[in-house]
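Peer 1: With the input below, show me the fold.
(one chain, ligands or ions: 1)
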Amino acid sequence: MSQDRAKVRLYVDAPLGVAQSVPVNREQANYLFNVMRLATGDRVALFNGRDGEWLAEVVTHNKRGGILTCVAKSGPQCQPPDLWLLFAPIKKTRTDFIVEKAAEMGAARILPVQTRHTNAERIRQDRLQAHAIEAAEQCGGTYVPEVAELQQLARLLDDWPMDRQIMFCDESLVGAKAGLTAASGDKWAILIGPEGGFAEEETTRLREMDCVISVSLGPRILRADTAAVAALTLWQATLGDWR
Ligand code: SAM
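Peer 2: You can find the predicted model right below:
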C-alpha cells in the first residue's frame with residue numbers, strides 16, 4: 001500500500017536528505033512492520049532533531065531491521081525555546097507523565113534533580129529518554145529534548161550558568177499573583193519540587209540567587225506532575241512559543 005501522507009512518524013539518528021538511506025534497528029522494525037504493519041513502498045515521516053521532517057519509503061524489511069529511503073522534505077526543523085525543566089522525580093508513572101508532557105510542551109532539556117525531600121534515589125534515564133522520543137513522535141515535533149541523569153540540585157546550583165534564569169515554583173507563595181509578567185530573557189529553567197516540597201535551606205538559597213524569579217502557580221497546592229504542566233503552560237504563554 002502506497003500513500004502520500006505517512007501514518008507513522010519515527011525519530012532516527014541518521015542524517016536525512018534527498019535519496020538518503022536510513023537503516024532501522026530491530027526495535028524500530030518491530031514497531032513499523034509488526035505493530036503498524038507497514039510494507040515495502042509504504043511511507044514513514046522521519047525526523048532526527050536536525051534536518052526537519054522527511055517523507056521516506058520502505059525499501060526492504062525483515063524481523064531484524066530494514067532500510068528506508070528519504071523521498072522529500074515534508075516539514076522544517078523547529079527548535080523549541082531555550083527552556084529547561086528541572087523537577088524532582090516522584091512515583092514512576094507520574095515521572096513518566098512529567099517527561100512526556102515536557103517533551104510535548106516544548107522543553108529543550110529535561111533535568112531530574114534530587115532535592116532534600118526527593119523520594120526517588122535513582123531513575124531509568126534510558127526509559128525516560130524513550131518516553132521523550134515517543135512524545136515527540138506523536139505530537140508532530142521535530143526535536144527530542146535530552147533527558148539528563150539524576151543529579152543533586154545543590155550541585156547543579158553550584159555551577160549554575162548565571163545567564164539562565166530560574167522560574168522557581170515556590171509552594172509557599174500559594175495564592176499570590178504568578179509573578180512572571182515583568183520577566184524577560186530567552187534562557188530559562190523551570191524548577192518544580194517533590195511531593196514533600198522544598199526544604200527551608202533550598203528555598204533560602206534559591207531566593208538569594210540573582211537569576212531566580214519565585215513564582216506562584218495559583219491559589220491551590222498542585223501535585224508535582226500537575227505543577228510541571230501548569231508551569232510549562234504559564235511560561236510558554238508568557239515568554240515562550242505560544243505568544
Ligand atoms: N508538600 C508541599 C506543601 O504542602 O507545601 C507541596 C509540594 S507540591 C506537591 C510539589 C511542587 O509543585 C512544589 O515543590 C512546587 O514546586 C510546585 N507547586 C505546587 N503548587 C504550587 C503553587 N501553588 N505555587 C507554586 N508552586 C507550586
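Peer 1: List the buried residues for stretch 134-150?
Peer 2: Counting neighbours by 16 or more other C-beta atoms under 10 Å, one finds that the buried residues in stretch 134-150 are 135-137, 141-145, 147-148, 150. Backbone N, C-alpha and C define where each C-beta goes, glycine included.
Peer 1: again, but for stretch 186-194
Peer 2: With burial defined by 16+ other C-beta under 10 Å, the residues of stretch 186-194 counted as buried are 188-194.
Peer 1: before we move on, what about stretch 7-19?
Peer 2: 9-12, 16.
Peer 1: Out of the residues you listed, which is nearest to Ala103?
Peer 2: Here the nearest of the buried residues of stretch 7-19 to Ala103, counting by C-beta to C-beta, is Tyr11; it sits at 10.8 Å.
Peer 1: name the element Leu55 belongs to?
Peer 2: strand 53-62 (DSSP states H and E).
Peer 1: CA atoms only: put that strand into CSV for me.
Peer 2: Extracted in CSV, the C-alpha atoms of strand 53-62 (Å, rounded to 0.1, in the frame of the first residue of the first chain):
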residue,chain,number,x,y,z
GLU,A,53,10.8,16.2,8.8
TRP,A,54,11.3,13.9,5.7
LEU,A,55,8.9,11.5,4.0
ALA,A,56,10.7,8.2,3.5
GLU,A,57,9.7,4.9,1.8
VAL,A,58,10.2,1.4,3.0
VAL,A,59,12.7,-0.3,0.6
THR,A,60,13.4,-3.5,2.4
HIS,A,61,12.4,-5.0,5.7
ASN,A,62,12.6,-8.1,7.8
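Peer 1: can you tell me which residues contact the spatially most central residue of the chain?
Peer 2: For the chain, the residue nearest the mean C-alpha position is Ala103 (2.7 Å; C-alpha atoms, centre = their mean). Residues near Ala103 by C-beta atoms under 8 Å, 6 or more residues apart in numbering: 110, 131-132, 135-136, 139, 141, 144-145.
Peer 1: How much space separates whichever residue of the chain sits closest to the ligand from Thr204?
Peer 2: As assessed by C-beta to the nearest ligand atom, the ligand sits closest to Gly193 within the chain, at 2.3 Å. Distance, Gly193 to Thr204, using C-beta to C-beta, to the nearest Å: 14 Å.
Peer 1: just the strands in this structure please.
Peer 2: Taking DSSP state E as the criterion, the chain carries its strands at 9-11, 21-24, 43-47, 53-62, 65-75, 82-87, 109-114, 146-147, 151-152, 165-169, 187-192, 212-215.
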